[in-house]
Every structure is written in C-alpha cells, then in structure tokens.
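# A structural model of the following input is requested.
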Amino acid sequence: MRYTTLLHEGILHSAERNPMASAITHRGVTQSYEAAASDIENAARRLLATGLQRQDRVAVYLDKCPEAVHAMFGASRAGGVMVPVNPLLKASQVAHILRDCGVRVLVTSAVRHAALRDVLAQCPELDTILFVDTPPDAETSGGPRLEAWQSAADFGLGRPAHRVIDTDMAAILYTSGSTGRPKGVVLSHRNLVAGAQSVAHYLHNRAEDCILCVLPFSFDYGFSQLTTAFLTGAHATLLNYLLPRDVLKAVSQGGITGLAAVPPLWIQLAEMEWPEAARRSLRYISNSGGAMPLKTLKRLRAHLPRTQVYLMYGLTEAFRSTYLPPEEVDRRPDSMGRAIPNAEVMVVREDGSRCAPGEPGELVHRGALVAMGYWNDAARTAQRFRPAPGQPEGLPGQEMAVWSGDTVRMDEDGYLYFVGRRDEMIKTSGYRVSPVEIEEVAYATGLVTEGAALGIAHPQLGQAVVLVALPAEPSVTHDQLMALLRERLPAFMVPGHLELRSQSLPRNGNGKIDRKALAAEFEGLFQEVALS
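You can find the predicted model right below:
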C-alpha cells in the first residue's frame with residue numbers, strides 16, 4: 001500500500017489498488033474508483049485553468065453530490081485549499097465565509113448562485129464561479145467570471161499542479177464562535193490524513209464497508225466519512241435526506257455497514273421500526289456532536305443487537321479526540337471514552353497541571369490532529385492554541401495543543417466524562433451555534449433593540465435556541481419577528497422559543513446582558529413541553 005501524506009492521495013491510491021471498486025453512489029448511480037479519480041484529476045485541471053495559485057481558497061457550495069466530492073478533492077490535487085460551505089446557510093452567512101478567507105473560486109449551482117447574487121459584491125477576491133449545471137448568462141457589470149464546471153475547452157493542459165507538502169493548508173472549515181460570526185479552522189493535509197488513519201483504525205474500516213454519508217461535508221464529522229472511506233477503499237453513499245425514514249430506507253437498500261449521525265437524528269431513528277435488511281447490514285454506528293441520551297442508546301442497541309456502537313467526542317480544532325470502544329458501552333454508557341490513536345488527551349487545571357482522577361478540568365488535546373489555528377484571527381488562535389502542558393525544559397520549539405474550553409473529568413482507568421462548556425456556545429442538532437450570530441440577525445430586522453440568544457436544555461436537540469428580545473416598537477409582534485428570523489436563519493438556528501419583553505434585559509455588574517440570569521428563567525422549559 002502506498003504511503004498517503006496528502007488529502008487527495010487517499011482516493012487516488014485506492015483507485016490504483018482496485019480501480020473497478022465502487023467509490024461513490026448518489027441517487028442510485030455508482031461511480032468506480034477509477035472514474036472518481038479521473039474526475040478529480042479533471043477537477044484539478046479545471047481549477048488550474050482559472051489561474052488558481054498555490055493555497056488559493058476554493059469554496060464548494062452544493063448539496064452532497066459527486067461534483068462536490070470531485071471539487072473538494074480536486075482543489076487539494078491542484079494545490080489549493082478547499083472550503084466546504086454548509087448548504088443550509090443563508091446568503092449573508094455564505095458571503096461572510098467567502099469574504100473572510102478570500103475565496104477565489106466558488107463551485108456551485110445556478111439555483112444557489114441566484115440566492116447569492118445580491119451579496120457577491122461583498123466578496124472582492126472572488127474571481128470565478130464554476131457551475132456544475134448550466135451557467136446563467138454572463139453578467140456585463142463586472143464581478144466574477146461565470147463559467148461551466150465541465151468546459152469543452154482544452155483546460156489546464158500544460159499547467160502542473162502546485163507542489164504542497166503535508167504541513168501545508170488543505171482545508172478551512174467554518175465553525176461558529178461564542179463571540180461573533182463563524183471562524184475558519186485551518187487544517188493541514190497532515191491533520192486530515194492523520195485523522196482519517198486514526199478513525200479508520202479504531203472503526204476497523206475496510207474495503208468491504210459501505211458508509212452512508214448523511215452529515216454535511218462542512219462538518220468535520222461529516223467530511224470524515226469520505227476520508228475514512230477513501231483511505232480504505234470503501235464505498236461512500238451520499239444522501240440528502242428529508243425525513244429520518246429516508247435514512248433507514250438508504251441503509252436497507254444500500255447494504256450500508258457504517259452510519260454516523262448526531263444525537264437529534266439518533267433520537268428520531270431510535271423511535272422507528274428498523275427493517276431486517278438494515279439490522280443485518282450495519283456493522284457499526286457512531287455518535288458525535290453531543291452526548292447520546294441513555295434511553296436512545298438502549299433503544300438503538302435493542303434494534304441493532306449485532307451492531308457495534310462507537311460513542312465519540314471531537315472538536316473541529318482537533319477533528320476527533322476520544323472514542324468509547326463498543327466493549328465498554330455497557331460498563332460506561334455515559335463516558336466519552338479515551339484518546340483516539342495517535343493523540344493524547346489531558347485534563348488540566350488553569351495553571352496547566354494535571355487534574356487528579358475525578359477532578360474536573362479543561363480538556364487539552366495534543367498530537368498530529370491539532371489544527372493550524374483560526375484563519376486571519378491571531379487573537380483567538382492564541383487563546384485556544386497554546387503550548388502543550390508538561391513539555392521538557394530546554395525544548396527548542398514548543399508543541400502547540402488545543403485547549404478545548406470544555407470541562408471534563410477522568411476516572412481511575414483513564415476514561416473521560418463530559419461536565420460542561422466553559423463558553424456560551426449553543427449546541428443544537430449537532431451544530432455549534434454562536435448566540436451573537438443569531439442576535440445580529442435579530443438586530444438586522446430593525447424590529448429589535450436588545451436581544452439575547454440562549455441555549456436551553458432540550459430532550460431531543462441537546463439544546464434549543466431561546467431568543468429574548470426588546471422590540472423596537474410596541475407594535476412589533478411575535479409572529480412578525482419569527483417570520484423574518486425563519487427567512488434569514490437556517491432551520492437549526494431558528495429559535496424554538498421567542499419571548500418579547502417590555503423592559504430592558506437584565507444587566508450584570510459590567511453592564512452586559514446577564515445571560516446566566518436569563519437562562520435560569522427558562523431552565524426546564526423544554527422538559528415541561530416534552531411532558532405535556
């Protein structure tokens with residue numbers, strides 16, 4: 001087996017080993033590894049034909065489809081940097097990403113481009129838009145070039161790919177931050193390849209596996225389904241599902257052996273009847289993006305008695321940190337597990353010293369999976385990426401670790417247990433949501449003068465969004481504001497509860513909105529709703 005060091009090499013090497021094996025299935029059409037590798041090489045040449053320079057950013061704003069896969073891995077093959085954009089995001093959020101990391105080429109569809117038309121002027125570095133379907137008529141008022149993804153022109157011949165090595169940038173994944181708009185986590189080829197190797201190792205992925213991809217590729221957990229599949233020569237099936245039963249149908253009909261999901265989807269799937277074909281085919285399931293409720297875990301195991309369950313914890317800044325081996329699920333169903341292969345996870349006090357067993361502390365992750373930092377944000381990078389604790393004195397260069405901001409404890413056997421989050425992030429439906437981003441959208445409606453978005457415990461979602469707001473005018477109604485929020489926010493950010501106040505929101509001693517006091521007012525709200 002050839003040694004893989006760069007992101008795109010996983011699928012290209014698998015194509016060399018077994019060219020006729022199934023690589024990608026979408027809407028019932030299967031592409032072999034040989035064909036997928038050819039399309040990735042063509043994608044690289046197409047991108048180079050736009051004038052793509054080394055480490056230029058290539059955004060991919062599409063549903064899960066083969067063209068999205070070809071574009072992402074083609075950007076890597078060309079020597080660029082892929083930026084997968086969540087297809088659920090609204091135009092202003094997409095524009096922020098394109099502008100923030102200076103995207104030069106955008107790969108999208110005509111329908112998605114139409115939704116972005118009014119915001120693209122905010123992205124001055126965007127040079128070319130490539131359409132996987134029919135491009136619209138060229139615009140005459142300047143702006144980016146509009147070109148076909150597949151061109152009849154003899155594109156790219158004679159333009160070699162830019163040379164990159166494993167420590168160069170491979171991807172920028174955007175994740176919400178607690179203090180504003182989404183921030184770009186910069187990942188190297190080494191980060192992504194090491195992550196794929198580690199996860200494929202403990203999941204025992206092999207060429208015979210068929211992995212169902214239901215999560216967005218902009219989510220590190222979702223993108224991991226591709227990298228682990230391609231590294232091992234397994235078969236990836238792409239699914240844009242509308243209802244949970246679509247997932248069960250795909251598992252049954254596709255002979256799926258591996259399924260990764262987040263708690264809200266598992267909660268729904270656990271309440272459904274599993275077809276016998278799905279029960280037979282699934283070798284393993286995995287959970288990340290939040291703790292799986294014990295009730296859900298028990299129901300899934302009753303549905304799938306022969307299926308291995310992997311409970312995992314990760315953060316985009318280090319891809320994946322821990323996993324609980326299936327043989328430990330009965331003894332420690334509430335545990336995050338231990339460190340994944342080729343990583344060390346520590347629990348430390350504020351001074352960096354190690355916590356005693358059972359003592360809560362901050363989770364710190366060191367190793368090959370630690371990201372390069374946040375794009376164009378030295379302050380936040382310095383806050384989260386700091387020297388790893390316990391390094392020998394005299395070491396000429398300090399190794400950087402990611403300090404997660406999550407409080408955990410470790411038992412005597414080294415197994416970790418989640419305690420809580422040190423920041424104000426809202427974790428809903430497997431997404432990390434910035435309260436500030438929701439508040440900015442509320443303010444932009446012109447109907448709100450004060451607002452606070454909160455994450456309140458929810459039995460299905462992990463947390464649900466609650467928005468408390470002071471209307472700009474007494475005539476503003478609940479339905480009026482909610483209609484605009486639904487229009488401007490993706491579904492997972494829309495408040496599950498909106499409360500309009502007649503007086504200013506409470507303040508703390510620093511004059512800031514007292515979020516803790518507000519959150520206490522809504523404690524138990526969704527548990528009460530679930531019981532009613």
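
# can you point me to the longest helix in the protein?
Ranked by residue count, the top helix of the chain under DSSP state H comes out as helix 33-49.

# Which positions in it come out as buried?
Residues of helix 33-49 classed as buried by neighbour count (16 or more other CB atoms under 10 Å): 33-37, 39-49. The C-beta positions use only the backbone N, C-alpha and C, and glycine is treated the same way.

# cool, and stretch 393-407?
Buried residues in stretch 393-407 (16+ other CB under 10 Å): 400-406.

# And the buried residues of helix 33-49, which two are furthest apart?
Tyr33 and Ala49 (24.6 Å; CB to CB).

# can you count the residues close to Thr322?
A count of nearby residues for Thr322, using other CB atoms under 10 Å, gives 23.

# Test my guess that it contacts Pro341.
No - taking contacts as CB atoms under 8 Å, Thr322 lies outside contact range of Pro341: 11.1 Å.

# thinking again about what came up before, pick out whichever of the buried residues of stretch 393-407 sits closest to Val58.
Nearest to Val58 out of these is Val402 (CB to CB; 25.4 Å).

# need the contact list for the closest one.
By CB atoms under 8 Å, 6 or more residues apart in numbering, Val402 lies in contact with 315, 317-318, 364-366, 370-371, 384-385.

# In what element of secondary structure is it found?
Here Val402, judged by DSSP states H and E, is contained in strand 400-410.

# what residues does the host helix or strand of Gln197 touch?
According to DSSP H and E, Gln197 maps onto helix 189-203. Applying CB under 8 Å, 6+ apart, the external contacts of helix 189-203 come out as 4-7, 9-10, 76, 164-168, 170-171, 205, 224, 227-228, 230-232, 258, 284, 286, 310, 319-320, 323, 325, 340-343, 367-372.

# Output the contacting helices and strands for the helix or strand following it.
In the C-terminal direction, the helix or strand that comes right after helix 189-203 (DSSP H and E) is strand 210-213. Contacting strand 210-213 under the criterion 3 or more CB pairs under 8 Å, 6 or more residues apart in numbering; DSSP states H and E are the following elements: helix 220-232, strand 235-238, helix 244-254, strand 258-261.

# between the first one and helix 189-203, how many degrees?
Same thing as helix 220-232. In terms of direction (axes from the mean of the first three to the mean of the last three CA atoms, to 10 degrees), helix 220-232 departs from helix 189-203 by 80 degrees.

# From the contact counts, what lies against helix 220-232?
Under the contact definition 3+ CB pairs under 8 Å, 6+ apart, helix 220-232 sits against helix 9-17, strand 169-177, helix 189-203, strand 210-213, strand 235-238, strand 258-261.

# Please state the offset of the strand holding Val402 from the chain centre?
Distance, stretch centre to chain centre, for strand 400-410: 19 Å (CA atoms, centre = their mean, to the nearest Å).

# Run me through the strand neighbours of it, direction for each.
Paired strands of strand 400-410, with direction, are strand 361-367 (antiparallel), strand 385-387 (antiparallel), strand 416-421 (antiparallel) (DSSP bridges).

# hang on, Met20 packs against Tyr33?
Yes - Met20 is in contact with Tyr33 according to CB under 8 Å; the separation is 7.4 Å.

# these two touch, right, Ser281 and Leu259?
No - counting by CB under 8 Å, Ser281 stays clear of Leu259, with 9.7 Å between them.

# These two: who's more crowded?
Leu259 (28 against 19).

# wait, what's in contact with that one?
By CB under 8 Å, 6+ apart, the neighbours of Leu259 are 211-212, 214, 247, 251, 282, 284-286.

# Tell me, what's the model's pLDDT at the residue nearest the centre of the chain?
When CA atoms, centre = their mean is applied to the chain, the residue found nearest the centroid is Phe219 (1.4 Å). Listed pLDDT for Phe219 reads 92.

# domains of the protein?
Following automatic domain parsing, the chain resolves into domains at 9-189, 344-422, 426-531.

# Out of those domains, which gets the lowest mean score?
domain 426-531 (a mean of 88).

# Pro357 is in contact with Glu412, isn't it?
Yes - judged on CB under 8 Å, Pro357 makes contact with Glu412 at a distance of 4.8 Å.

# Between these two, tell me which one has more neighbours.
Higher neighbour count among Pro357 and Glu412: Pro357, with 12 against 8, using other CB under 10 Å.

# Distance of the more buried one relative to Leu363?
Computed as CB to CB, to the nearest Å, the Pro357 to Leu363 distance reads 15 Å.

# again, but for His113
41 Å.

# and if you look at Val186?
According to CB to CB, Val186 stands 21 Å off from Leu363.

# Have a look at these two and say which one is more surrounded.
Legend: neighbour count by other CB under 10 Å for Val186 and Leu363, higher for Leu363 (26 against 22).

# That one reaches Ser321, doesn't it?
Yes - under the criterion of CB under 8 Å, Leu363 is in contact with Ser321, at a separation of 7.1 Å.

# For the residue nearest to Tyr221 when sequence neighbours are not counted, report the pLDDT, please.
Among residues not flanking Tyr221 along the chain, Ser288 sits closest, at 5.1 Å (CB to CB, 6 or more residues apart in numbering). You'll see Ser288 listed with a pLDDT of 91.

# Enumerate every residue touching Ser288.
221, 260, 262, 312-314, 320, 430.

# How about Leu187?
169-173, 319, 371-372.

# could you say which helix or strand contains it?
Taking DSSP H and E as the criterion, Leu187 maps to strand 180-188.

# That strand: which residues count as buried?
So, applying 16+ other CB under 10 Å, buried residues of strand 180-188: 181-188.

# Now flag whichever of those residues is closest to Glu16.
Among the buried residues of strand 180-188, and counting by CB to CB, the member closest to Glu16 is Ser188, at 23.8 Å.

# mind checking how far the closest one is from Met372?
6 Å.

# want to throw the helices and strands packed on strand 210-213 into TSV with distance to Pro471?
Shown next, in TSV, are the helices and strands packed on strand 210-213 (distance: least, CB to CB, whole Å):
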stretch	distance to Pro471
helix 220-232	38
strand 235-238	43
helix 244-254	37
strand 258-261	38
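
# Which one of the ones you listed lies nearest to Val132?
strand 235-238 (13.9 Å).

# and the closest one, which strands flank it?
With DSSP bridges as the test, strand 235-238 pairs up with strand 22-26 (parallel), strand 210-213 (parallel).

# among the ones you listed, which is nearest Ala444?
strand 210-213 (33.6 Å).

# Distance from the chain centre to the closest one, please.
17 Å.

# Which residues does that strand contact?
22, 64, 205, 222, 225-226, 228-229, 234-239, 247, 250-251, 254-260, 281.
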